[in-house]
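S.K.: please find the sequence and the predicted model below.
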Amino acid sequence: MIDNYFDSETYSKIDFTKTKIKKGEYDNCTFTNCNFENVHASNIQFVECEFVDCNFSNTIVKNTAFKDVHFLNCKMIGMKFNECDTFLLQLNFKDCQLNFSSFYQLKIPKTHFKSCNLDAVDFTETDLSAALFEDCDLKNAIFTETNLEKTNFITSINFDIDPEINKLKGAKFSKDNVIGLLQKYQIIVE
């Protein structure tokens, strides 16, 4: 049973570290310049919502649902997306800082990451098939037993993906960044 239902509402400049977020379902809502840093945002449903210029660093999202949710220019350091509700999970990110976040074992095919910083993000055993990493920095991102089939990395940089322990059939790379597939061999390409 849902505690509260919020439809097509706009939340602007709310500091949820001082004003507790109400549990319930937020449908087609927009959050702009809101602070969720270190907030317990567990057991909340966000459906077709948009978050713009928000701070989600270390936010606890255990059993939180993100269904067709878009994050734009958000700071999301240390987010444990692997703890959220996986039913109908659909996320998209643009201009976000996702450093040290975890997508461990999630099924998030076709997810779009555009112009994001993904330093040390854990994609271990994640299904990222047909995902798009457009102009992303993947320095120290962890890809182990990850499904990257048909995933597009053409414009991304600093990734280190081992073709022997990840699924890469149909994945796209540019001639300039294909070296990210050879890091473990310590090959010098000039």
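M.R.: Structure received. Numbers count the residues shown, from 1 in each chain.

S.K.: hey, let's count contacts and neighbours off CA atoms from now on
M.R.: Will do.

S.K.: pretty sure residue 138 sits against residue 158.
M.R.: Yes - with contacts counted by Cα atoms under 8 Å, residue 138 reaches residue 158, the gap being 5.2 Å.

S.K.: so which of the two has more stuff around it?
M.R.: residue 138 (21 against 16; other Cα atoms under 10 Å).

S.K.: what's the separation between that one and residue 122?
M.R.: 10 Å (Cα to Cα, to the nearest Å).

S.K.: low-confidence stretches in the chain?
M.R.: The model of the chain has pLDDT under 70 over residues 1-2, 187, 189.

S.K.: please enumerate the strands of it.
M.R.: 5-7, 10-12, 25-27, 30-32, 45-47, 50-52, 65-67, 69-72, 91-94, 112-114, 132-134 (DSSP state E).

S.K.: I'd like these as TSV, with mean neighbour count and distance to residue 84 appended.
M.R.: Formatted as TSV, the strands of the chain follow (neighbours: other Cα atoms under 10 Å; distance: least, Cα to Cα, whole Å):
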stretch	mean neighbour count	distance to residue 84
strand 5-7	13	19
strand 10-12	14	22
strand 25-27	20	14
strand 30-32	18	19
strand 45-47	21	10
strand 50-52	20	17
strand 65-67	23	6
strand 69-72	20	13
strand 91-94	20	12
strand 112-114	21	18
strand 132-134	22	21
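
S.K.: could these go into JSON lines alongside distance to residue 81?
M.R.: Shown next, in JSON lines, are these (distance: least, Cα to Cα, whole Å):
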{"stretch": "strand 5-7", "distance to residue 81": "23"}
{"stretch": "strand 10-12", "distance to residue 81": "22"}
{"stretch": "strand 25-27", "distance to residue 81": "18"}
{"stretch": "strand 30-32", "distance to residue 81": "19"}
{"stretch": "strand 45-47", "distance to residue 81": "13"}
{"stretch": "strand 50-52", "distance to residue 81": "15"}
{"stretch": "strand 65-67", "distance to residue 81": "9"}
{"stretch": "strand 69-72", "distance to residue 81": "13"}
{"stretch": "strand 91-94", "distance to residue 81": "10"}
{"stretch": "strand 112-114", "distance to residue 81": "14"}
{"stretch": "strand 132-134", "distance to residue 81": "18"}
